[in-house]
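Q: starting from these lines, generate the structure:
(one chain, ligands or ions: 1)
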Amino acid sequence: MIPTLEWLPAGVNFLDQTKLPLEETYVLATDYKQVATVIRDMIVRGAPAIGVSAAMGVAIGVDRSTAASLPALTEEVAVIAKTLAETRPTAVNLFWAIQRMRDKYNALAAANTPIPEIKAALIAEARQMYDEDIAACKQMGAHGAALLPQEGTVLTHCNAGALATCGYGTALGVIRAAVERGHKIDVFADETRPYLQGARLTAWELLHDNIPTTVLCDNMAGALMRQGRIQAVIVGADRIAANGDTANKIGTYSVAVLAKEHGIPFYVAAPLSTIDLATAHGDLIPIEQRAATEVTHSNGKQMTPNGAAIQNPAFDVTPAKYITAIITERGVLRAPYNESIQQMATEANSQLTTA
Ligand SMILES: CSC[C@H]1O[C@H](OP(=O)(O)O)[C@H](O)[C@@H]1O
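A: Purely as a prediction, here's the structure:
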């Protein structure tokens, strides 16, 4: 699989997801401001991928710094972190990753570590997060595969695949793992307007792996569910509140309600870094509002009349009651989620985000 992003001596190399599926081109970010632009412009997107991208942004920012003292470097780290944190508001992985890099820096600075050693350690930390992300996706796959039908059609919304992570994917990672274990799965991929993550990215990466994929318009899932043509739904997540309410790509909530209506299991696959214990419920999750031109234009061609008002929220929130299970790298969570999430957090003894 073509890498979503890659650390190179010259900078961070990103597969340009705005150009897929017709062009496989790359953008090399040689400083942290360019990494911020790549995240904001969705050249790289997907909660885990933008988290690791931000971590690499911190690492490259510190690496390129000419600060001659720790106090000066500490001030620069604060500016770098703020710049990256301001790129997109919903995916908590972004803030979790930046905080992990700041914690690493602060511990090294507190120990009066020489600046060259700090630079090397932050690069190592960001690259370790990259490897951890791929490992977590494969663990999610192993935990979730058995939940998918032995033979049947699975609907997914947006792209929660290798292109939304450092590789293998969350929701698509579970599909990949099921196929690797002999399940015969056809995928229905919602096109997912306006950025078309499903039509352009999910279809591209699943066909790359020879997994049969059908692209649907975003208004088709209900009819296909009513006809009995969908046996399960699996999606990713951008932020999971402490009670299990889940923010994901706009349109996810509609699919979840339809799945509940038709008795179809609805699964969320996400790493622990997507769980935000500091956010009690879904109504508190900030929802990114993106440019109207993403809706009014397609391939540069205007499709709506001048003067029409436009809505373009990038995410919506699915209440926990619509979620059958949440698949993580440490196992499968079931309702009541406030209890199961807290228990897993305690067991993991992990620094779940406090963003
Ligand atoms: C593996 S999480 C992917 C998650 O992120 C996507 O949002 P975006 O493409 O705007 O970054 C979408 O919500 C996916 O489910």
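
Q: for the stretch 251-355 of the chain, just list every one of the helices.
A: If DSSP state H, counting those that start in this stretch is used as the criterion, the helices of the stretch 251-355 of the chain fall at 252-261, 293-296, 337-348.

Q: now swap in the chain and tell me
A: Taking DSSP state H as the criterion, the chain contains helices spanning 32-40, 47-63, 70-85, 92-110, 115-144, 171-180, 203-208, 221-226, 252-261, 293-296, 337-348.

Q: helices or strands next to the fifth one in the packing?
A: For helix 115-144, the helices and strands in contact under the criterion 3 or more CB pairs under 8 Å, 6 or more residues apart in numbering; DSSP states H and E are strand 5-8, helix 47-63, helix 70-85, helix 92-110, helix 171-180, strand 266-269, strand 325-328, strand 331-333. Yep, even glycine has a C-beta here, placed from its N, CA and C like the rest.

Q: where does the stretch 201-350 of the chain dip in pLDDT?
A: Applying pLDDT under 70 to the stretch 201-350 of the chain flags residues 350.

Q: around the ligand, pick out the residues from it.
A: Counting by CB under 6 Å from any ligand atom, the residues of the stretch 201-350 of the chain close to the ligand are 235, 236, 238, 248, 249, 314.

Q: go again with 8 Å.
A: Residues of the stretch 201-350 of the chain lying close to the ligand by CB under 8 Å from any ligand atom are 235-238, 247-249, 252, 269-270, 274, 288, 314-315.

Q: which of these fall in strands?
A: Among these, DSSP state E puts 235, 247, 248, 249, 269, 315 in strands.

Q: give the bridge partners for the fourth one, please.
A: Residues in a beta bridge with residue 249, per DSSP bridges, are residue 315.

Q: what's the neighbour count on it?
A: Residue 249 has 28 neighbours, counted by other CB atoms under 10 Å.

Q: contacts only, for it.
A: Residues counted as contacts of residue 249 (CB atoms under 8 Å, 6 or more residues apart in numbering) are 157, 158, 192, 197, 235, 236, 238, 314, 315, 316.

Q: for those, which one is nearest the ligand?
A: For the contacts of residue 249, the residue nearest the ligand by CB to the nearest ligand atom is residue 236; the value is 3.2 Å.

Q: quick one, phi psi at the nearest residue to the closest one once chain neighbours are set aside?
A: In this structure, residue 236 finds its nearest non-sequential neighbour in residue 160, 2.6 Å apart by CB to CB, 6 or more residues apart in numbering. Note on residue 160: backbone dihedrals following degrees, to the nearest 10 are phi -120, psi 50.

Q: does residue 160 touch residue 169 like I think?
A: Yes - between residue 160 and residue 169 a contact is recorded at 6.0 Å, counting by CB atoms under 8 Å.

Q: need the overlap of contacts for those two.
A: Common neighbours of residue 160 and residue 169, counting by CB under 8 Å, 6+ apart, are residue 236.

Q: and for residue 141, the neighbour number?
A: Residues near residue 141, counting by other CB under 10 Å, number 26.

Q: so it makes contact with residue 168?
A: Yes - Residue 141 is in contact with residue 168 according to CB under 8 Å; the separation is 6.8 Å.

Q: so what sits against both of those two?
A: Counting by CB under 8 Å, 6+ apart, the contacts common to residue 141 and residue 168 are residue 176.

Q: which one is the residue positioned nearest the centre of the chain nearest to, not counting chain neighbours?
A: Against the mean C-alpha coordinate of the chain, by CA atoms, centre = their mean, the closest residue is residue 47 at 2.2 Å. Nearest non-adjacent residue to residue 47, counting by CB to CB, 6+ apart: residue 91, 3.8 Å away.

Q: what about that neighbour, distance to residue 178?
A: Going from residue 91 to residue 178 by CB to CB, to the nearest Å gives 25 Å.

Q: cool, and residue 9?
A: From residue 9 across to residue 178, the span is 38 Å (CB to CB).

Q: in terms of neighbours, single out the busier of the two.
A: Under the neighbour definition other CB under 10 Å, residue 9 and residue 178 were set side by side, and residue 178 has more, 24 against 6.

Q: just the pLDDT for the more buried one.
A: Reported pLDDT at residue 178 in the predicted model: 98.

Q: who's in contact with it?
A: Residue 178 makes contact with 141, 144, 145, 146, 148, 185, according to CB under 8 Å, 6+ apart.

Q: with adjacent residues omitted, what lies nearest to the fifth one?
A: By the measure of CB to CB, 6+ apart, the closest residue to residue 148 outside its immediate chain neighbours is residue 178, 4.3 Å from it.

Q: then the first one?
A: Using CB to CB, 6+ apart and skipping the chain neighbours, the partner closest in space to residue 141 is residue 177 (2.9 Å).

Q: got a list of what the one you found touches?
A: Contacts for residue 177 were tallied using CB under 8 Å, 6+ apart; they are 138, 140, 141, 142, 144, 145.
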